[in-house]
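Student: give me a model of this one.
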Amino acid sequence: MFAERPRGGVGAWPLIAATLVATIVWMAVAGLHFAWDSALVTLAACGGLEALARVYRTRRPEPRIAATLSALAQVIAFSACAAALSYTVASTGGPLWDSTFDAWDRRLGLDWRAYLAFVDGHPRLGLALSLAYRSLILQTMLAVILLGFSGRLRALRDFVLAFALAGTVTVLISALTPALANFVFLGLSPADFPNLHPAASYVHVADLTGLRDGTLRTISLDHVEGIITFPSFHAALGALYIWAFWHLRAARIPALLVNVLLIAATPIDGGHYFVDVIAGLVIAVLAICAARALGRRRAADALRPGAREGGPAPGRA
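Tutor: Predicted coordinates:
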């Protein structure tokens, strides 16, 4: 069989551009400043990757390499724009929603303190959860590279678009539902969970508080933390990784195991409420459906008379 050959190098760039514009406008309204020097490495990396992708798209046609390089550039660019936007929207957030999320958890019969105590009582499980939670960058790069080099170019395009869609929705919802997360809301200290070392239990507090009280007015990519509580982007990415790696038979079971751990780690290592995780998973499913629908529409448009021709690239669909 033949993998779809990407027609052009557009992909998620329009959504990335829209995110960038929204960030710049929102920052101007909020009176925030951006440290542009902190973006130089990101700009250079994205520009270099896209330039190489163009070479392998036109001068030395290698569709797999071109698609992989462009996808890496899009993931890096979107991550930077989304991080800046998450800080920007947090500066204009309203009342905190922690008590609401805690009440929703309890209404669902989910006891976060009991879950914390259980994981704290099983340190090896806690370590496995924490390692899985910290695997985002590695998994993102692996998903892009493996999908691209194996010729699953349609799956690669859909994954990158779903990644950007899920991230955008997560950031925008967080603007309406700011929260400090469970460790802070419950007034816990490390002494309450001596066997655990959560990855992001308190690291976001100083920045989120500074954005809300006006003491933090400059956003720098050299120092950004995951300040979003609801929905959980970690949980959304866990679902996206399972879906992406499912296209690769040898990676299915390892990816499933790692990402089940990642999702299970999110309430502890991220301090998230259970409803944050549920919302993140819902967003992931919707992003996947939207990305696949847009992909099918683009493929149908490309087959219409008058559409630019693109030859097939070797590999499996």
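Student: okay, CA-based contacts and neighbour counts for the rest of this
Tutor: OK.
Student: give me every residue that touches residue 177.
Tutor: With contact set as Cα atoms under 8 Å, 6 or more residues apart in numbering, residue 177 has these partners: 93-94, 96-97, 230.
Student: what about residue 199, which SS state?
Tutor: Here residue 199 is recorded as coil under DSSP: H, G, I helix; E, B strand; the rest coil.
Student: what backbone torsions are found at it?
Tutor: phi -70, psi -40 (degrees, to the nearest 10).
Student: isn't it right up against residue 130?
Tutor: Yes. If you go by Cα atoms under 8 Å, residue 199 and residue 130 touch, sitting 6.6 Å apart.
Student: so where do the strands sit in the stretch 1-150 of the chain?
Tutor: With DSSP state E, counting those that start in this stretch as the criterion, the stretch 1-150 of the chain has strands at 2-3, 33-34.
Student: each with direction, which strands does the last one pair with?
Tutor: What that stands for is strand 33-34. strand 218-219 (parallel) (DSSP bridges).
Student: and the strand it pairs with, what's its mean pLDDT?
Tutor: For strand 218-219, the mean per-residue pLDDT is 96.
Student: centre of the chain to it, how far?
Tutor: 21 Å (Cα atoms, centre = their mean, to the nearest Å).
Student: how about the nearest residue to residue 282, chain neighbours excluded?
Tutor: Nearest non-adjacent residue to residue 282, counting by Cα to Cα, 6 or more residues apart in numbering: residue 236, 7.6 Å away.
Student: ok, now which ones touch that neighbour?
Tutor: Contacts of residue 236 by Cα under 8 Å, 6+ apart are 166, 277, 280-284.
Student: re earlier: what's the least confident stretch among the strands of the stretch 1-150 of the chain?
Tutor: For these, where the average pLDDT is lowest is strand 2-3, sitting at a mean of 43.
Student: one step back: between residue 199 and residue 130, what contacts are shared?
Tutor: residue 269.
Student: okay, these two: which has more neighbours?
Tutor: residue 130 (24 against 18; other Cα atoms under 10 Å).
Student: verify the contact between that one and residue 200 for me.
Tutor: No. Checked against Cα under 8 Å, the pair residue 130 and residue 200 is beyond contact range at 9.8 Å.
Student: common neighbours of the two, please.
Tutor: residue 269.
Student: thinking again about what came up before, just flag the most distant two among the contacts of residue 236.
Tutor: Within these, 166 and 277 form the most distant pair, 13.2 Å apart (Cα to Cα).
Student: who's more crowded, these two?
Tutor: residue 166 (26 against 23).
Student: how near is that one to residue 78?
Tutor: Going from residue 166 to residue 78 by Cα to Cα, to the nearest Å gives 11 Å.
Student: inside helices: which ones of the contacts of residue 236?
Tutor: 166, 277, 280-284 (DSSP state H).
Student: so where's the stretch 1-150 of the chain uncertain?
Tutor: 1-10 (pLDDT under 70).
Student: and the helices in it, which stretches?
Tutor: 13-30, 40-54, 63-90, 98-107, 112-120, 123-133, 136-149 (DSSP state H, counting those that start in this stretch).
Student: picking up where we left off before, residue 39: which of the contacts of residue 236 is nearest?
Tutor: So of those, ranked by how close each gets to residue 39 (Cα to Cα), first place is residue 166, at 22.6 Å.
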